[in-house]
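Visitor: Give me a model of this one.
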Amino acid sequence: MYDRHPYVSVSKDGEGCHIGWKAIGRPLRDFLGEEGRIVCVECYPGVFVGEVRDRLTELLKPSRVISTEDLFLTSEELARRVAPMLTVRSGLRGDAWDGD
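Guide: Numbering: from 1, shown residues only. The predicted structure follows:
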């Protein structure tokens, strides 16, 4: 069943929970240090992903940001690529069905 109110327990006393972007960025920067590290952020549906990306970019100043949303195919390109696999030949006339 889908959990409409998901959460991850961080600590029992609230020490591991930070409120506000600056408060979140400080421990992340401390943890990451000066070395090159990779940070991956996964968000639940409904999260304002652009805001999370933009704020973390401001706080952490990464050398590169890769947003998987930018890697997805457009719906038009996806339709073009799968169209040949979705066409059906009529047994009566041999006509190809174009999906319309």
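Visitor: Just the helices from this structure, written as ranges.
Guide: 21-32, 49-60, 75-86 (DSSP state H).
Visitor: Looking at the last one now, give me its mean pLDDT.
Guide: In this case it means helix 75-86. Averaging pLDDT along helix 75-86 yields 90.
Visitor: now it: how far from the chain's centre is it?
Guide: 23 Å (C-alpha atoms, centre = their mean, to the nearest Å).
Visitor: how far away is the residue nearest to residue 18 when sequence neighbours are not counted from residue 52?
Guide: In space, and not counting its chain neighbours, residue 18 is closest to residue 24: 4.8 Å by C-beta to C-beta, 6 or more residues apart in numbering. Quick note: C-beta positions are derived from backbone N, CA and C, even for glycine. Distance, residue 24 to residue 52, by C-beta to C-beta, to the nearest Å: 10 Å.
Visitor: quick one on the thing from earlier: any chance of the helices of the chain in TSV, plus mean neighbour count?
Guide: TSV is the format used below for the helices of the chain (neighbours: other C-beta atoms under 10 Å):
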stretch	mean neighbour count
helix 21-32	13
helix 49-60	14
helix 75-86	10
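Visitor: No further queries at this time; thank you.
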